[in-house]
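A.B. asks: Following is a predicted model, sequence given first.
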Amino acid sequence: MSSPFVHHNGEVRLVIQIPCFNEATELPATLADLPRDVPGFEEVRWLVIDDGSTDATSEIAKAHGADAIVKLTQNKGLAVAFQAGLDASLKMGADVIVNTDADNQYSAADIPRLVEPIIQGKADLVVGTRDIANHREFSFLKKCLQQIGSWVVRQASATDVSDVTSGFRAYSREAALQANVVSRFTYTLETLIQAGRSDLAVADIPVNVNPTTRPSRLFRSKRQYVRRSAGTISRVYAMHQPLRVFNIPAALFAIVGLVLFGRFGWFYLSSGGEGHIQSLIVGAVCLLVAMQMLMLGVLADLLRSNRVIGERVLRRVRNIELTIAPRTDQSSELPHES
C-alpha cells in the first residue's frame, strides 16, 4: 500500500504536541513517557506550547527533551494554544500530529495505535476514547454529562465518536490544515464538528488512561462547563448547518400561523363573519416571524458558502507558506503568530 503522506527528503515525520499552562510539576513525567520511535515514521519530534505560564514550564520542557517550544506571551486559553501547536507542527514538517495533555492523563503507549488508521489511509482524525462508563475517577454526574454531551455532539458532527471531549487525538496533515478553531475555551468539540461536517474521515479507538494527578483547570464548575460547551456546540453547528437551524423554527412558526388562520376562517364562516380576530392577528405575526427566519437562514447559508471559500483559500495559503518556508529541523523556540 502506498503511503498517504507527503515525504520530506524521504522522511515521514510525527510531531507530538502538548499544550501547557503552569505544568512544570507534571510535564517531566509526561515527556518521559513519550515515544521517540513509532512504527511508520522515520522521525518523532516533541513540541510544547507554553500558554503564558508563570512557572518554569518552558525551561522544564527544554531540559526534558522537547524539540521545539512555542511560547505565548500571555495565557490565551487551551483552544488558542492548541491551534498555535497545529501551526507550529505543520511548520516542523509534520505528516501526522498527535495532541495529548500535559498532565499525563493519557497513556503514551497507545500513540502507535492512535496513528495507525491515518498511516493506513483510513482516517484523517482519530480520537482516543476513554471508557467513560467504567472510569473510576469520574463521578456519576460527570459520567451522565459526558454521555449526554457526546450524544449531542455526535448528532451535530455526524460522527460516531463515543468520547467527544478527549484531547488525545491524531490529525493528518490535511486535517490540521483544515482546522480553524474560533473558541478560546476548548478545541475538542469544535474541531470534531468541523471535521465531521467537512467530510473528513473520523475514527476513534479505545485508549488507556493514567491515574489523575490533579483536578481539571479548564472550568471552575460543572455548570460553567455545560454552559460553555452548549454555546460552542450551538455556534459551530449553526456555522455548518445554518439553513437547518433557521428553517426548523421557521416551519414551526408557519404551522402555528396557518393553524390560527384556519381557526379564524372556520369561525368566520360558521359564525357569520363574527369574532376571533385575535387568531388572525397572532397568525399573521407568526407568519411574519417565519418569513423573517427563513430569510435569515438564506443569508446565513450564503455566509456559510463564503466561509467555505475563505477556508479553502486559507488552506491553500497555508500550503504555499509551508512549501516556501524552510522546515524547522533543529531544537528551537518557535515564534507564535497571533
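C.D. replies: That came through fine.

A.B. asks: Below-threshold pLDDT in the stretch 151-300 of the chain: ranges please.
C.D. replies: Residue ranges of the stretch 151-300 of the chain with pLDDT under 70: 214-222, 225, 272-275.

A.B. asks: run the last query once more with 90
C.D. replies: Flagging of the stretch 151-300 of the chain using pLDDT under 90 yields the residue ranges 151-160, 162-165, 178-191, 193-199, 209-245, 261-280, 300.

A.B. asks: ok, which stretches of it are helices?
C.D. replies: In the stretch 151-300 of the chain, the helices defined using DSSP state H, counting those that start in this stretch lie at 173-178, 188-197, 222-240, 242-270, 277-324.

A.B. asks: Out of those, flag the one nearest residue 155.
C.D. replies: Proximity to residue 155 (CB to CB) singles out helix 222-240 among these, at 8.8 Å. (Glycine included, C-beta is placed from N, CA and C.)

A.B. asks: Of all the residues in the closest one, which ones are buried?
C.D. replies: Buried residues in helix 222-240, counted by 16 or more other CB atoms under 10 Å: 225, 228-229, 232-233, 236-237, 239-240.

A.B. asks: With respect to residue 170, which of these is nearest?
C.D. replies: Within those, the smallest distance to residue 170 is 20.9 Å, found for residue 236 (CB to CB).

A.B. asks: residues near residue 168, how many?
C.D. replies: Residue 168: 25 surrounding residues under other CB atoms under 10 Å.

A.B. asks: With residue 38 instead?
C.D. replies: As a burial measure, residue 38 scores 21 neighbours (other CB under 10 Å).

A.B. asks: can you check the one 5 residues further on too?
C.D. replies: With neighbours defined by other CB under 10 Å, the count for residue 43 comes to 19.

A.B. asks: and it, what are its bridge partners?
C.D. replies: Beta bridges link residue 43 to residue 13, judged by DSSP bridges.

A.B. asks: How many residues are close by residue 54?
C.D. replies: 10.

A.B. asks: How is it assigned, secondary-structure-wise?
C.D. replies: On the three-state scheme (DSSP: H, G, I helix; E, B strand; the rest coil), residue 54 is labelled coil.

A.B. asks: any idea how far it is from residue 102?
C.D. replies: Per CB to CB, to the nearest Å, residue 54 is found 15 Å from residue 102.

A.B. asks: how about the buried residues of helix 222-240, which pair is most distant?
C.D. replies: Taking CB to CB as the measure, those have their most distant pair in 225 and 240, spaced 22.6 Å apart.

A.B. asks: and the end-to-end length of stretch 72-84?
C.D. replies: Using CA to CA, to the nearest Å, one end of stretch 72-84 lies 9 Å from the other.
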